[in-house]
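>>> Provided below are the primary sequence and the corresponding predicted coordinates.
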Amino acid sequence: MRLSRFFLPVLKETPSEAQIVSHRLMLRAGLIRQEAAGIYAWLPLGFRVLKKIEQIVREEMNRAGAIELLMPTLQLADLWRESGRYDAYGPEMLRILDRHERELLYGPTNEEMITEIFRSSVRSYKDLPKNLYHIQWKFRDEQRPRFGVMRGREFLMKDAYSFDVDEAGARHSYNQMFVAYLRTFGRMGLKAIPMRAETGPIGGDLSHEFIVLAETGESGVFCDRRVLDLPIPGEDVDYDGDLSPVIEQWTNLYAATEDVHEPARYERETRPEDRLQTRGIEVGQVFYFGDKYSKPMKALITGPDGVERPAQMGSYGVGVSRLLGAIIEASHDDKGIVWPDAVAPFGVGIVNLRPGDGAVDAACAQAYAALSKAGLDPLLDDTDERVGAKFAVMDLIGLPWQLIIGPKGLADGVVELKRRSSGDKQSLPLAEALKVLGA
RNA sequence: CGGGGCGUAGCGCAGCCUGGUAGCGCAUCUGCUUUGGGAGCAGAGGGUCGCAGGUUCGAAUCCUGCCGCCCCGACCA
C-alpha cells in the first residue's frame, strides 16, 4: 500500500477524552474514531489489526477442533425468557422493539441461541462432542464505557460453546480451549496468564480468566512470577490426547485476580522472591457450567444407556476488539505503538525520504515489489511530508520494521533498516536489507 | 447508579465572572524559501459558540429545560 493512497488520519495532538495510553495511541495513530460513548468506527489501519487478531483466533480455534458459524446480532426476547435471563440481565442489555412491537435484544452473549441451535438437531451421544463458535459483534450497554475499546459498549468477541455427554467430556473440552487460548495469545506476542476466576453471572463451577500483564491494566493480580516462563504448547499439540498435564503445569503456580485473591494461600504457595503483584487486562475467559442452559432449555442427549440427559456445556470468550487495547498497553513506548509482528497492520514501512528523486524512487519501488512478493505487506511512505514528520508517523503507527531510503544513503550504496521494538538501526545495501526482512 | 466537570473551526484551547463586530496554536489551501527526526515567512478559507425556550435594545456570555461527552467511585467480557 502506498501511504499517499491510504487513509491514515493521524493526530498530532491527543484528544482530551482519552485517558489511558492505548486509547490515546489508537486515536492518534488513526486506528479508531469514536462515534458515541463506547462505540467506535474502525479506520483502515485499526481494521487491519482487528482482522489479523481475528484470524489468529480463528486459526487456533479451528486447530483445537472448534467449528465456526455465525449467529445474528439481534435475538428474540422469548429465547432469553427460556433461560430466565431476559429479566435477570438488567439494563446492560440493549432491548429493541421492531415495527410489529416484537421484543428483540442486541446480543450481549449467545448461550441461549447456540443452545437452541444445538437442541434443534442433536439428540444422540453419537453426535458429541461438539464445539461451535462465532466471531461477532456484541453490545453491552455499560453504565460507564471507558478506556477506548477496552471497555466499549459495542465490541467484537469470539465466543465458543462446547457440548458434551458427560462432565469428563466437558472438562476435556474445557482443557482444549484452555490450551488453544495459551497458543492464541502467545502468537500475538502476549503473556496471558490463566488465573482462577469467579464465574460471574453466567454461572458454573470452573473458570479461568486469561490476563495480560500490563501496569496500566484495570484489575490487580497476584501471581508466582515463574508462571511467566512456562512453555506454550506447540502447533503439534494433540488436542485429542490427555491435556491435563499442560493444564496442571499452568494452574499449579499461584495466579489470581484481586477478586479471588487468598493472601494466606499466596504466602504459603509462593517463595517471597517469586511474588509478583501487578495489574492486568482480561482478554479471555473460559467457563464450564454444566447444564445451566441445557436443562431449562431442554437440550437433551440420549446416552448409550438410552437415558436422556441435558448436554454438559461450557463457553469460551475472547475479546477480539479489546485485544488491540491490551496489546498496545503491553507494547508501546513514548513514541507510539510497537506492534508485535504477528498482528502488525503492515509488515514493514518503506520511508522514501525524497520523493521525486529518480534513484530514491527506483530503490523504493524495487523494495516495495520485493517485499510485496514475499508477502510482507509493505506500506510505502511516498508522501511529500518532511522527513521528521515521516519518522514520527512511522514510529507512531508502530510497524515492526522501517526501511529508510534516501539520497545520502544511496550515494554510499546503503539504506537504513530500523527495528521498531529495539530502535536498532543498521546501514546496509538494499539487497542485504531485503534479505534480513526475508524478501 | 452516586459525585464532579466539559460542550466555542478538523484537533487542542482562550473568551463567559463584569452582555456590545468570535479569537489563539496546530491542521487545511496558495506562493516563496527550506528538506536525514513533527520547518520559516507572507497570504487565504473554514463557526447556526451542543439544542430549545426565556430575560434584554442587544446573549458564546445571564436564567430554565433538554441532549451529548469526559473524569472519580460502584459495577463489569
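All right, it came through fine.
>>> and the longest strand belonging to chain A, how far out from the chain middle?
In chain A, assigned by DSSP state E, the strand with the most residues is strand A:275-290. Offset of strand A:275-290 from its chain centre (C-alpha atoms, centre = their mean, to the nearest Å): 14 Å.
>>> buried set for that strand?
Within strand A:275-290, the residues that qualify as buried are A:276, A:279-290, counting by 16 or more other C-beta atoms under 10 Å. Just so you know, the C-beta spots here come from the backbone N, C-alpha and C atoms, and that holds for glycine as well.
>>> give the contact list for the one residue in the stretch 201-350 of chain A that gets nearest to RNA strand B.
As assessed by C-beta to the nearest atom of the strand, RNA strand B sits closest to A:Gly319 within the stretch 201-350 of chain A, at 3.2 Å. Contacts for A:Gly319 were tallied using C-beta atoms under 8 Å, 6 or more residues apart in numbering; they are A:Phe155, A:Leu156, A:Met157, A:Glu282, A:Val283, A:Gly284, A:Ala326.
>>> which residues does it bridge with?
Beta-bridge partners of A:Gly319, counted by DSSP bridges, are A:Met157.
>>> picking that back up, tell me which two of the contacts of A:Gly319 sit farthest apart.
A:Leu156 and A:Glu282 (15.3 Å; C-beta to C-beta).
>>> on that earlier part again, near RNA strand B, which of the contacts of A:Gly319 show up?
Within the set of the contacts of A:Gly319, contact with RNA strand B (C-beta under 7 Å from any atom of the strand) is found for A:Phe155, A:Met157, A:Glu282, A:Gly284.
>>> pipe the residues you listed into CSV and attach pLDDT per row.
Below are the ones next to RNA strand B among the contacts of A:Gly319 laid out as CSV (pLDDT from 0 to 100):
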residue, pLDDT
A:Phe155, 95
A:Met157, 96
A:Glu282, 93
A:Gly284, 95
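>>> where do the helices sit along the stretch 51-200 of chain A?
Per DSSP state H, counting those that start in this stretch, the stretch 51-200 of chain A carries helices over the ranges A:77-83, A:85-88, A:111-119, A:167-187.
>>> to A:Thr270, which of those helices lies closest?
Evaluated over those, closeness to A:Thr270 peaks at helix A:167-187, with 21.0 Å, by C-beta to C-beta.
>>> can you pull the buried residues of that closest one?
For helix A:167-187, by 16+ other C-beta under 10 Å, it's A:169-187.
>>> again, but for stretch A:358-371
So stretch A:358-371, judged by 16+ other C-beta under 10 Å, has buried residues A:Val360, A:Ala363, A:Cys364, A:Ala367, A:Tyr368, A:Ala370, A:Leu371.
>>> other SSEs contacting the longest strand of chain A?
The contact analysis (3 or more C-beta pairs under 8 Å, 6 or more residues apart in numbering; DSSP states H and E) places strand A:275-290 against helix A:167-187, strand A:192-196, strand A:206-213, strand A:219-224, strand A:312-319, helix A:320-330.
>>> mean pLDDT added to the ones you listed, as a markdown table?
Converted to a markdown table, the helices and strands packed on strand A:275-290 look like this (pLDDT from 0 to 100):
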| stretch | mean pLDDT |
| --- | --- |
| helix A:167-187 | 96 |
| strand A:192-196 | 92 |
| strand A:206-213 | 91 |
| strand A:219-224 | 90 |
| strand A:312-319 | 95 |
| helix A:320-330 | 95 |
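>>> okay, these in CSV with distance to A:Leu97 next?
Below are the helices and strands packed on strand A:275-290 laid out as CSV (distance: least, C-beta to C-beta, whole Å):
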stretch, distance to A:Leu97
helix A:167-187, 36
strand A:192-196, 40
strand A:206-213, 34
strand A:219-224, 36
strand A:312-319, 28
helix A:320-330, 27
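>>> out of the ones you listed, flag the one nearest A:Met26.
When these are compared by C-beta to C-beta, helix A:320-330 sits nearest A:Met26, at 6.7 Å.
>>> avg pLDDT for the next helix or strand after that closest one?
Under the assignment DSSP states H and E, the closest C-terminal helix or strand after helix A:320-330 is strand A:332-333. Throughout strand A:332-333, pLDDT has a mean value of 94.
>>> partners of strand A:332-333 in the sheet?
Here, using DSSP bridges, strand A:332-333 pairs with strand A:336-337 (antiparallel).
>>> so A:Pro15 touches A:Leu27, yeah?
Yes - here A:Pro15 reaches A:Leu27: they are 5.2 Å apart, a contact under C-beta atoms under 8 Å.
>>> any idea which element the residue of the stretch 251-400 of chain A found nearest RNA strand B lies in?
Closest residue of the stretch 251-400 of chain A to RNA strand B, C-beta to the nearest atom of the strand: A:Gly388 (2.2 Å). Taking DSSP H and E as the definition, one finds A:Gly388 inside helix A:387-397.
>>> tell me which other helices or strands that helix touches.
Helix A:387-397 packs on strand A:336-337, strand A:348-352, strand A:378-381, going by 3+ C-beta pairs under 8 Å, 6+ apart.
>>> so that helix versus strand A:348-352, what angle?
Counting by axes from the mean of the first three to the mean of the last three C-alpha atoms, to 10 degrees, helix A:387-397 lies at 170 degrees to strand A:348-352.
>>> okay, buried residues for helix A:387-397 please.
Buried-residue list, helix A:387-397, by 16+ other C-beta under 10 Å: A:Lys390, A:Phe391, A:Ala392, A:Val393, A:Met394, A:Asp395, A:Leu396, A:Ile397.
>>> surely A:Glu112 and A:Asp78 touch.
No - using C-beta under 8 Å, A:Glu112 is not in contact with A:Asp78, being 9.8 Å away.
>>> so for the two, which sits in the more crowded spot?
Using other C-beta atoms under 10 Å as the criterion, A:Glu112 and A:Asp78 rank with A:Glu112 on top: 23 against 12.
>>> residues touching that one, list them.
By C-beta under 8 Å, 6+ apart, the residues touching A:Glu112 are A:Gln75, A:Leu79, A:Trp80, A:Glu82, A:Ser83, A:Arg85, A:Tyr293, A:Met297.
>>> for ChimeraX, what selects the buried ones among those?
Restricted to buried positions by 16+ other C-beta under 10 Å, the ChimeraX selection for the contacts of A:Glu112 reads:
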select /A:75,79,80,83,85,293,297
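>>> between the contacts of A:Glu112, which is closest to A:Ile96?
A:Gln75 (9.9 Å).
>>> for that closest one, which non-adjacent residue is closest in space?
A:Gly107 (5.0 Å; C-beta to C-beta, 6 or more residues apart in numbering).
>>> break chain A down into its domains, please.
A:21-337, A:346-437 (automatic domain parsing).
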